[in-house]
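Q: got a predicted model here, sequence first, then my questions.
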Amino acid sequence: MAISGLLGTTVEFYDFLVYGTVAALVFGDLFFPQADPAVGTIAAFGTFAAGYLARPLGGIVFGHFGDRIGRKSMMLLTMVLMGLGSFLIGLLPTYDAIGVWAPILLVALRVVQGIAIGGEWGGAMLMVVEHAEKTQGSRRGLWSSFTQLGAPLGSVLSAGVVTLVAGLPDDDFRSWGWRVPFLLSIVLLAVGLFVRLKVAESPLFAQAKREPVDKPPIVELLRRPKPVLLAACVGIGAFTTQSLLTSFMISYAVDEGYTRPQVLTAVTVASCVALAVLPAASALSDRVGRRPVVLAGAIASAALAFPVLALVDSGSPGLLILALALGHGVAQSTMYGPLGALLTEMFGTRVRYTGASLGYQAATLVGAGFSPLIAGSLLATYGGGSTPVSLLLCVGAAITAVTVWRLRETHTDALDSPAATPTLEGTPR
(Lines give C-alpha, C1' and ligand atoms only; values in the text may rest on other atoms or scores of the structure.)
Protein backbone atom coordinates (compact mmCIF):
# COMPACT_ATOMS: atom_id res chain seq x y z
CA MET A 1 0.00 0.00 0.00
CA ALA A 2 2.82 2.39 0.87
CA ILE A 3 4.51 1.67 -2.48
CA SER A 4 1.24 2.42 -4.27
CA GLY A 5 1.01 5.78 -2.52
CA LEU A 6 4.63 6.56 -3.32
CA LEU A 7 4.44 5.64 -7.01
CA GLY A 8 1.10 7.30 -7.53
CA THR A 9 2.03 10.63 -6.01
CA THR A 10 5.41 10.53 -7.73
CA VAL A 11 3.65 10.28 -11.09
CA GLU A 12 1.23 13.06 -10.16
CA PHE A 13 3.90 15.42 -8.85
CA TYR A 14 6.18 14.69 -11.79
CA ASP A 15 3.42 15.81 -14.14
CA PHE A 16 2.58 18.86 -12.06
CA LEU A 17 6.16 19.98 -11.30
CA VAL A 18 7.57 19.46 -14.78
CA TYR A 19 5.18 22.17 -15.88
CA GLY A 20 6.65 24.63 -13.37
CA THR A 21 10.19 23.78 -14.47
CA VAL A 22 9.52 24.19 -18.19
CA ALA A 23 7.36 27.28 -17.61
CA ALA A 24 10.29 28.95 -15.87
CA LEU A 25 12.56 28.19 -18.83
CA VAL A 26 10.62 28.75 -22.07
CA PHE A 27 6.86 29.18 -21.71
CA GLY A 28 7.12 32.96 -21.53
CA ASP A 29 8.61 33.06 -25.05
CA LEU A 30 6.61 30.22 -26.59
CA PHE A 31 3.12 31.11 -25.39
CA PHE A 32 3.33 34.84 -24.59
CA PRO A 33 5.73 36.24 -27.24
CA GLN A 34 4.07 39.66 -27.43
CA ALA A 35 5.12 40.48 -23.87
CA ASP A 36 8.50 41.78 -22.76
CA PRO A 37 10.65 39.18 -20.95
CA ALA A 38 9.59 40.19 -17.43
CA VAL A 39 5.89 40.24 -18.29
CA GLY A 40 6.24 36.98 -20.21
CA THR A 41 7.70 35.29 -17.15
CA ILE A 42 4.89 36.63 -14.98
CA ALA A 43 2.32 35.42 -17.51
CA ALA A 44 3.93 31.96 -17.58
CA PHE A 45 3.73 31.77 -13.79
CA GLY A 46 0.13 32.99 -14.10
CA THR A 47 -0.72 29.79 -15.95
CA PHE A 48 1.21 27.97 -13.24
CA ALA A 49 -1.08 29.62 -10.65
CA ALA A 50 -4.15 28.59 -12.66
CA GLY A 51 -3.37 24.96 -11.83
CA TYR A 52 -3.25 25.82 -8.15
CA LEU A 53 -6.53 27.75 -8.36
CA ALA A 54 -8.21 24.57 -9.60
CA ARG A 55 -6.78 22.36 -6.86
CA PRO A 56 -9.29 23.24 -4.09
CA LEU A 57 -12.09 22.49 -6.57
CA GLY A 58 -10.55 19.09 -7.21
CA GLY A 59 -10.28 18.54 -3.46
CA ILE A 60 -13.99 19.29 -3.01
CA VAL A 61 -15.24 17.24 -5.97
CA PHE A 62 -13.05 14.17 -5.54
CA GLY A 63 -13.21 14.48 -1.77
CA HIS A 64 -17.01 14.30 -1.90
CA PHE A 65 -17.05 11.14 -3.98
CA GLY A 66 -14.07 9.70 -2.11
CA ASP A 67 -16.00 10.08 1.16
CA ARG A 68 -19.18 8.65 -0.39
CA ILE A 69 -18.04 6.05 -2.93
CA GLY A 70 -14.50 5.15 -1.91
CA ARG A 71 -10.84 6.18 -1.92
CA LYS A 72 -9.53 3.77 -4.56
CA SER A 73 -11.76 4.74 -7.50
CA MET A 74 -10.97 8.43 -7.03
CA MET A 75 -7.24 7.70 -6.94
CA LEU A 76 -7.45 5.95 -10.29
CA LEU A 77 -9.54 8.68 -11.91
CA THR A 78 -7.30 11.53 -10.76
CA MET A 79 -4.21 9.73 -12.05
CA VAL A 80 -5.75 9.30 -15.51
CA LEU A 81 -6.76 12.96 -15.69
CA MET A 82 -3.33 14.13 -14.58
CA GLY A 83 -1.40 11.94 -16.98
CA LEU A 84 -3.55 12.74 -20.01
CA GLY A 85 -3.48 16.47 -19.24
CA SER A 86 0.31 16.44 -19.10
CA PHE A 87 0.61 14.36 -22.27
CA LEU A 88 -1.62 16.79 -24.18
CA ILE A 89 0.48 19.75 -23.06
CA GLY A 90 3.38 18.02 -24.76
CA LEU A 91 1.40 18.01 -28.02
CA LEU A 92 0.18 21.60 -27.72
CA PRO A 93 0.99 24.02 -30.60
CA THR A 94 2.71 27.25 -29.56
CA TYR A 95 1.65 30.86 -30.14
CA ASP A 96 3.46 31.01 -33.48
CA ALA A 97 1.30 28.15 -34.78
CA ILE A 98 -2.22 28.94 -33.51
CA GLY A 99 -2.01 32.40 -31.98
CA VAL A 100 -4.02 33.24 -28.90
CA TRP A 101 -5.50 29.74 -28.73
CA ALA A 102 -2.13 28.45 -27.54
CA PRO A 103 -2.17 30.19 -24.12
CA ILE A 104 -5.92 29.52 -23.80
CA LEU A 105 -5.47 25.78 -24.31
CA LEU A 106 -2.42 25.81 -22.04
CA VAL A 107 -4.44 27.34 -19.22
CA ALA A 108 -7.31 24.87 -19.83
CA LEU A 109 -5.00 21.85 -19.60
CA ARG A 110 -3.32 23.36 -16.55
CA VAL A 111 -6.72 23.63 -14.88
CA VAL A 112 -7.39 19.95 -15.65
CA GLN A 113 -4.06 19.12 -14.02
CA GLY A 114 -4.98 21.22 -11.00
CA ILE A 115 -8.36 19.55 -10.54
CA ALA A 116 -6.76 16.12 -10.82
CA ILE A 117 -3.96 16.70 -8.33
CA GLY A 118 -6.46 18.43 -6.04
CA GLY A 119 -8.14 15.07 -5.52
CA GLU A 120 -5.06 12.88 -5.85
CA TRP A 121 -3.17 13.72 -2.68
CA GLY A 122 -6.10 13.13 -0.34
CA GLY A 123 -6.93 9.75 -1.80
CA ALA A 124 -3.34 8.52 -1.80
CA MET A 125 -2.60 9.78 1.70
CA LEU A 126 -5.80 8.38 3.21
CA MET A 127 -5.30 4.98 1.62
CA VAL A 128 -1.83 4.71 3.17
CA VAL A 129 -2.68 6.12 6.60
CA GLU A 130 -6.02 4.33 7.00
CA HIS A 131 -4.44 1.01 6.01
CA ALA A 132 -1.55 1.66 8.40
CA GLU A 133 -3.97 2.44 11.23
CA LYS A 134 -4.97 -1.22 11.44
CA THR A 135 -1.43 -2.52 11.81
CA GLN A 136 0.93 0.39 12.48
CA GLY A 137 -1.25 3.01 14.19
CA SER A 138 1.64 4.38 16.27
CA ARG A 139 3.73 4.91 13.12
CA ARG A 140 1.28 6.82 10.97
CA GLY A 141 3.79 9.61 10.43
CA LEU A 142 6.43 7.28 9.03
CA TRP A 143 4.00 5.46 6.73
CA SER A 144 2.44 8.73 5.53
CA SER A 145 5.91 9.88 4.49
CA PHE A 146 5.84 7.38 1.61
CA THR A 147 3.09 9.44 0.01
CA GLN A 148 4.84 12.71 0.91
CA LEU A 149 8.01 11.42 -0.75
CA GLY A 150 6.17 11.64 -4.07
CA ALA A 151 6.80 15.41 -4.11
CA PRO A 152 10.63 15.36 -3.92
CA LEU A 153 10.87 12.18 -5.97
CA GLY A 154 8.64 13.72 -8.64
CA SER A 155 10.83 16.82 -8.48
CA VAL A 156 13.98 14.72 -8.95
CA LEU A 157 12.47 12.98 -11.96
CA SER A 158 11.12 16.17 -13.52
CA ALA A 159 14.34 18.12 -12.96
CA GLY A 160 16.41 15.17 -14.20
CA VAL A 161 14.44 14.79 -17.42
CA VAL A 162 14.38 18.52 -18.07
CA THR A 163 18.12 18.70 -17.37
CA LEU A 164 18.73 16.13 -20.11
CA VAL A 165 16.69 17.98 -22.72
CA ALA A 166 17.90 21.41 -21.55
CA GLY A 167 21.38 20.38 -22.65
CA LEU A 168 20.19 20.37 -26.26
CA PRO A 169 21.03 23.30 -28.53
CA ASP A 170 18.72 26.19 -27.67
CA ASP A 171 16.77 26.01 -30.95
CA ASP A 172 16.14 22.28 -30.50
CA PHE A 173 15.05 22.73 -26.89
CA ARG A 174 12.59 25.47 -27.85
CA SER A 175 11.19 23.62 -30.87
CA TRP A 176 10.74 20.09 -29.50
CA GLY A 177 12.97 19.35 -26.51
CA TRP A 178 10.64 20.93 -23.94
CA ARG A 179 7.86 18.56 -25.05
CA VAL A 180 9.72 15.37 -24.12
CA PRO A 181 9.14 15.53 -20.32
CA PHE A 182 5.39 15.96 -20.89
CA LEU A 183 5.13 13.14 -23.41
CA LEU A 184 6.99 10.75 -21.09
CA SER A 185 4.16 11.12 -18.59
CA ILE A 186 2.11 8.56 -20.52
CA VAL A 187 4.68 5.90 -19.56
CA LEU A 188 4.55 6.90 -15.90
CA LEU A 189 0.75 6.85 -16.06
CA ALA A 190 0.76 3.24 -17.24
CA VAL A 191 3.09 2.21 -14.38
CA GLY A 192 1.04 4.04 -11.77
CA LEU A 193 -2.26 2.54 -12.92
CA PHE A 194 -0.77 -0.96 -12.94
CA VAL A 195 0.22 -0.62 -9.29
CA ARG A 196 -2.93 1.10 -8.07
CA LEU A 197 -5.30 -1.38 -9.64
CA LYS A 198 -3.93 -4.01 -7.27
CA VAL A 199 -4.62 -2.19 -3.97
CA ALA A 200 -7.65 -2.82 -1.76
CA GLU A 201 -10.11 -0.21 -0.51
CA SER A 202 -9.39 1.49 2.82
CA PRO A 203 -10.62 -0.72 5.71
CA LEU A 204 -11.61 2.31 7.79
CA PHE A 205 -13.74 3.66 4.95
CA ALA A 206 -15.36 0.26 4.44
CA GLN A 207 -16.25 0.24 8.13
CA ALA A 208 -17.52 3.84 8.18
CA LYS A 209 -19.55 3.37 5.00
CA ARG A 210 -22.02 1.21 6.93
CA GLU A 211 -23.01 4.24 9.03
CA PRO A 212 -25.90 6.43 7.76
CA VAL A 213 -24.96 9.86 6.36
CA ASP A 214 -27.42 12.71 5.99
CA LYS A 215 -25.40 15.62 4.59
CA PRO A 216 -22.61 15.91 1.99
CA PRO A 217 -19.14 16.13 3.56
CA ILE A 218 -18.58 19.70 2.40
CA VAL A 219 -21.77 20.81 4.19
CA GLU A 220 -20.58 19.20 7.41
CA LEU A 221 -17.23 20.93 7.10
CA LEU A 222 -18.68 24.34 6.30
CA ARG A 223 -20.81 24.14 9.42
CA ARG A 224 -17.58 24.00 11.41
CA PRO A 225 -14.93 25.55 9.13
CA LYS A 226 -12.24 26.20 11.73
CA PRO A 227 -10.38 22.87 11.25
CA VAL A 228 -10.24 23.37 7.47
CA LEU A 229 -8.89 26.90 7.91
CA LEU A 230 -6.29 25.65 10.37
CA ALA A 231 -5.35 22.80 8.03
CA ALA A 232 -4.84 25.32 5.20
CA CYS A 233 -2.77 27.73 7.27
CA VAL A 234 -0.48 25.07 8.73
CA GLY A 235 0.69 24.06 5.23
CA ILE A 236 1.33 27.53 3.79
CA GLY A 237 4.95 27.74 4.94
CA ALA A 238 5.94 24.42 3.39
CA PHE A 239 4.38 25.24 0.03
CA THR A 240 5.71 28.80 -0.09
CA THR A 241 9.22 27.49 0.50
CA GLN A 242 8.80 24.64 -1.98
CA SER A 243 7.53 26.87 -4.77
CA LEU A 244 10.00 29.73 -4.32
CA LEU A 245 13.02 27.45 -4.00
CA THR A 246 12.18 25.17 -6.91
CA SER A 247 10.01 26.47 -9.78
CA PHE A 248 10.55 30.18 -9.15
CA MET A 249 14.23 29.73 -8.31
CA ILE A 250 14.90 28.25 -11.75
CA SER A 251 13.83 31.47 -13.44
CA TYR A 252 15.45 33.70 -10.81
CA ALA A 253 18.82 31.92 -10.84
CA VAL A 254 19.01 31.84 -14.65
CA ASP A 255 18.39 35.61 -14.66
CA GLU A 256 21.24 35.92 -12.12
CA GLY A 257 23.66 34.32 -14.60
CA TYR A 258 23.54 30.60 -13.78
CA THR A 259 23.12 28.15 -16.64
CA ARG A 260 20.01 26.00 -16.89
CA PRO A 261 21.90 22.75 -16.11
CA GLN A 262 23.50 24.35 -13.02
CA VAL A 263 20.14 25.40 -11.61
CA LEU A 264 18.44 22.10 -12.40
CA THR A 265 21.33 20.23 -10.81
CA ALA A 266 20.89 22.28 -7.63
CA VAL A 267 17.16 21.55 -7.56
CA THR A 268 17.84 17.84 -8.08
CA VAL A 269 20.40 17.72 -5.25
CA ALA A 270 18.02 19.56 -2.91
CA SER A 271 15.26 17.09 -3.74
CA CYS A 272 17.61 14.18 -3.02
CA VAL A 273 18.35 15.71 0.40
CA ALA A 274 14.60 15.95 0.94
CA LEU A 275 14.24 12.23 0.23
CA ALA A 276 16.29 11.58 3.38
CA VAL A 277 15.05 14.40 5.63
CA LEU A 278 11.34 13.97 4.93
CA PRO A 279 10.87 10.40 6.27
CA ALA A 280 13.20 11.18 9.18
CA ALA A 281 11.07 14.18 10.18
CA SER A 282 7.89 12.13 9.75
CA ALA A 283 9.21 9.28 11.89
CA LEU A 284 10.34 11.77 14.55
CA SER A 285 6.82 13.19 14.66
CA ASP A 286 5.56 9.75 15.70
CA ARG A 287 7.75 10.00 18.79
CA VAL A 288 7.62 13.65 19.84
CA GLY A 289 4.44 14.80 18.08
CA ARG A 290 3.55 16.61 14.86
CA ARG A 291 3.59 20.11 16.34
CA PRO A 292 7.23 20.38 17.49
CA VAL A 293 8.59 18.95 14.23
CA VAL A 294 6.56 21.22 11.95
CA LEU A 295 7.33 24.20 14.20
CA ALA A 296 11.06 23.46 14.04
CA GLY A 297 10.88 23.39 10.24
CA ALA A 298 9.04 26.71 10.13
CA ILE A 299 11.57 28.40 12.41
CA ALA A 300 14.44 27.00 10.34
CA SER A 301 12.84 28.24 7.12
CA ALA A 302 12.47 31.77 8.46
CA ALA A 303 15.99 31.79 9.91
CA LEU A 304 17.50 30.61 6.61
CA ALA A 305 15.46 32.87 4.30
CA PHE A 306 17.99 35.68 3.93
CA PRO A 307 21.15 33.53 4.13
CA VAL A 308 19.80 31.17 1.45
CA LEU A 309 19.11 34.00 -1.01
CA ALA A 310 22.50 35.53 -0.22
CA LEU A 311 24.12 32.24 -1.20
CA VAL A 312 22.12 32.20 -4.44
CA ASP A 313 23.17 35.78 -5.21
CA SER A 314 26.83 34.85 -4.76
CA GLY A 315 27.02 33.50 -8.30
CA SER A 316 28.71 30.29 -7.16
CA PRO A 317 27.16 27.02 -8.43
CA GLY A 318 28.39 25.23 -5.32
CA LEU A 319 26.79 27.76 -3.00
CA LEU A 320 23.59 27.58 -5.05
CA ILE A 321 23.44 23.84 -4.36
CA LEU A 322 24.09 24.47 -0.65
CA ALA A 323 21.37 27.13 -0.53
CA LEU A 324 18.66 24.93 -2.02
CA ALA A 325 19.78 21.90 -0.02
CA LEU A 326 19.37 23.86 3.23
CA GLY A 327 16.22 25.80 2.37
CA HIS A 328 14.32 23.17 0.41
CA GLY A 329 15.98 19.89 1.31
CA VAL A 330 16.13 20.44 5.08
CA ALA A 331 13.83 23.25 6.29
CA GLN A 332 10.95 22.69 3.87
CA SER A 333 11.04 18.91 4.24
CA THR A 334 10.90 19.18 8.01
CA MET A 335 7.68 21.18 7.71
CA TYR A 336 6.24 19.05 4.95
CA GLY A 337 7.03 15.55 6.23
CA PRO A 338 4.50 15.29 9.11
CA LEU A 339 1.87 17.33 7.24
CA GLY A 340 0.09 14.34 5.68
CA ALA A 341 -0.40 12.55 8.99
CA LEU A 342 -1.36 15.79 10.75
CA LEU A 343 -4.08 16.72 8.25
CA THR A 344 -5.40 13.16 8.21
CA GLU A 345 -5.75 13.18 11.99
CA MET A 346 -7.76 16.39 11.96
CA PHE A 347 -10.97 14.89 10.52
CA GLY A 348 -13.35 11.98 11.06
CA THR A 349 -13.46 9.16 8.52
CA ARG A 350 -16.64 10.25 6.70
CA VAL A 351 -15.32 13.75 5.96
CA ARG A 352 -11.59 13.00 5.99
CA TYR A 353 -11.05 12.91 2.22
CA THR A 354 -12.85 16.22 1.70
CA GLY A 355 -11.45 17.95 4.78
CA ALA A 356 -7.82 16.91 4.38
CA SER A 357 -7.86 17.56 0.62
CA LEU A 358 -9.49 20.96 0.93
CA GLY A 359 -7.10 22.10 3.66
CA TYR A 360 -4.06 20.80 1.79
CA GLN A 361 -5.06 22.26 -1.56
CA ALA A 362 -5.99 25.63 -0.09
CA ALA A 363 -2.49 25.74 1.40
CA THR A 364 -0.95 24.98 -1.99
CA LEU A 365 -3.09 27.67 -3.63
CA VAL A 366 -1.92 30.40 -1.25
CA GLY A 367 1.59 29.15 -0.57
CA ALA A 368 2.68 27.73 -3.92
CA GLY A 369 0.20 29.08 -6.45
CA PHE A 370 0.61 32.79 -5.80
CA SER A 371 4.08 33.13 -4.27
CA PRO A 372 6.02 32.85 -7.59
CA LEU A 373 3.61 35.32 -9.20
CA ILE A 374 3.99 37.75 -6.30
CA ALA A 375 7.76 37.34 -6.20
CA GLY A 376 8.08 37.88 -9.95
CA SER A 377 5.87 40.97 -9.81
CA LEU A 378 7.86 42.44 -6.91
CA LEU A 379 11.17 41.84 -8.65
CA ALA A 380 9.87 43.46 -11.85
CA THR A 381 8.50 46.43 -9.90
CA TYR A 382 11.52 47.12 -7.72
CA GLY A 383 14.22 46.24 -10.22
CA GLY A 384 15.60 43.00 -8.83
CA GLY A 385 17.21 42.08 -5.57
CA SER A 386 16.41 39.03 -3.48
CA THR A 387 14.85 40.80 -0.49
CA PRO A 388 11.22 40.31 -1.64
CA VAL A 389 11.82 36.56 -2.05
CA SER A 390 13.34 36.28 1.43
CA LEU A 391 10.46 38.23 2.96
CA LEU A 392 7.91 35.95 1.29
CA LEU A 393 9.71 32.93 2.73
CA CYS A 394 9.54 34.50 6.18
CA VAL A 395 5.85 35.34 5.88
CA GLY A 396 4.94 31.78 4.85
CA ALA A 397 6.99 30.29 7.68
CA ALA A 398 5.44 32.69 10.19
CA ILE A 399 1.89 31.68 9.19
CA THR A 400 2.75 28.02 9.70
CA ALA A 401 4.49 28.67 13.03
CA VAL A 402 1.58 30.67 14.47
CA THR A 403 -0.95 28.07 13.29
CA VAL A 404 1.02 25.14 14.72
CA TRP A 405 1.22 26.97 18.03
CA ARG A 406 -2.59 27.10 18.06
CA LEU A 407 -3.09 23.40 17.35
CA ARG A 408 -3.38 20.60 19.86
CA GLU A 409 -1.28 17.49 19.42
CA THR A 410 -2.90 14.66 17.41
CA HIS A 411 -0.30 11.95 16.88
CA THR A 412 -1.87 9.67 19.53
CA ASP A 413 -5.49 10.16 18.33
CA ALA A 414 -7.41 7.17 16.94
CA LEU A 415 -8.61 7.37 13.33
CA ASP A 416 -11.40 4.81 13.47
CA SER A 417 -14.24 7.21 14.33
CA PRO A 418 -16.63 7.50 11.37
CA ALA A 419 -18.17 10.67 12.84
CA ALA A 420 -18.29 13.77 10.71
CA THR A 421 -17.00 15.86 13.60
CA PRO A 422 -13.36 16.83 13.03
CA THR A 423 -10.94 15.41 15.58
CA LEU A 424 -9.08 18.71 15.86
CA GLU A 425 -10.65 21.85 17.19
CA GLY A 426 -7.60 24.09 17.17
CA THR A 427 -7.53 24.35 20.95
CA PRO A 428 -4.45 26.30 22.12
CA ARG A 429 -2.01 24.49 24.34
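A: Structure's in. What do you need?
Q: which helix in this protein runs the most residues?
A: Secondary structure of the chain per DSSP state H: the longest helix is helix 101-136.
Q: tell me the mean pLDDT over the helix or strand just after that helix?
A: From helix 101-136 onward toward the C-terminus, using DSSP states H and E, the following helix or strand is helix 140-148. Mean pLDDT, helix 140-148: 85.
Q: what's the helix or strand just after helix 140-148 packed up against?
A: Using DSSP H and E, the helix or strand that follows helix 140-148 towards the C-terminus is helix 150-166. Applying 3 or more C-beta pairs under 8 Å, 6 or more residues apart in numbering; DSSP states H and E, we find helix 150-166 packed against helix 2-22, helix 180-183, helix 260-288. C-betas here are computed from N, CA, C, even on glycine.
Q: same for the longest one, what does it pack against?
A: Helix 260-288 sits against helix 140-148, helix 150-166, helix 247-255, helix 290-313, helix 317-324, helix 333-336, helix 339-344, with contacts defined as 3+ C-beta pairs under 8 Å, 6+ apart.
Q: which of those helices is buried the deepest?
A: The highest mean neighbour count among those, using mean count of other C-beta atoms under 10 Å, belongs to helix 339-344: a mean of 31.
Q: what would the helices and strands packed on helix 260-288 look like in a markdown table with distance to Leu105?
A: What follows is the helices and strands packed on helix 260-288, written out as a markdown table (distance: least, C-beta to C-beta, whole Å):
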| stretch | distance to Leu105 |
| --- | --- |
| helix 140-148 | 31 |
| helix 150-166 | 21 |
| helix 247-255 | 21 |
| helix 290-313 | 34 |
| helix 317-324 | 32 |
| helix 333-336 | 32 |
| helix 339-344 | 33 |
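Q: which one of these lies nearest to Ala380?
A: helix 247-255 (10.8 Å; C-beta to C-beta).
Q: tell me what angle the closest one forms with helix 150-166.
A: 30 degrees (axes from the mean of the first three to the mean of the last three C-alpha atoms, to 10 degrees).
Q: other SSEs contacting helix 247-255?
A: The helices and strands touching helix 247-255, judged by 3+ C-beta pairs under 8 Å, 6+ apart, are helix 2-22, helix 37-68, helix 260-288, helix 290-313, helix 371-382.
Q: that one to helix 290-313, inter-axis angle?
A: Here helix 247-255 points in a direction 10 degrees away from that of helix 290-313 (the same axes, to 10 degrees).
Q: now do helix 247-255: distance to the chain's middle.
A: Helix 247-255 sits 18 Å away from the centroid of its parent chain (C-alpha atoms, centre = their mean, to the nearest Å).
Q: re earlier: looking at the helices and strands packed on helix 260-288, which is closest to Leu264?
A: Nearest of these to Leu264, taken as C-beta to C-beta: helix 150-166 at 4.2 Å.
Q: sorry, back to before: let me know which of the helices and strands packed on helix 150-166 is tucked in deepest.
A: helix 2-22 (a mean of 25).
Q: what's the first helix or strand after that one?
A: Counting by DSSP H and E, what follows helix 2-22 is helix 28-31.
Q: which elements pack onto that following helix?
A: For helix 28-31, the packing partners by 3+ C-beta pairs under 8 Å, 6+ apart are helix 37-68, helix 95-98, helix 101-136.
Q: now that helix: how far from the chain's centre is it?
A: That offset, for helix 28-31, works out to 24 Å (C-alpha atoms, centre = their mean).
Q: still on that earlier bit, got the helices and strands packed on helix 28-31 as TSV, with mean pLDDT, distance to Leu378 and mean neighbour count columns?
A: TSV is the format used below for the helices and strands packed on helix 28-31 (pLDDT from 0 to 100; distance: least, C-beta to C-beta, whole Å; neighbours: other C-beta atoms under 10 Å):
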stretch	mean pLDDT	distance to Leu378	mean neighbour count
helix 37-68	73	11	23
helix 95-98	87	26	12
helix 101-136	78	23	24
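Q: many thanks, have a good one.
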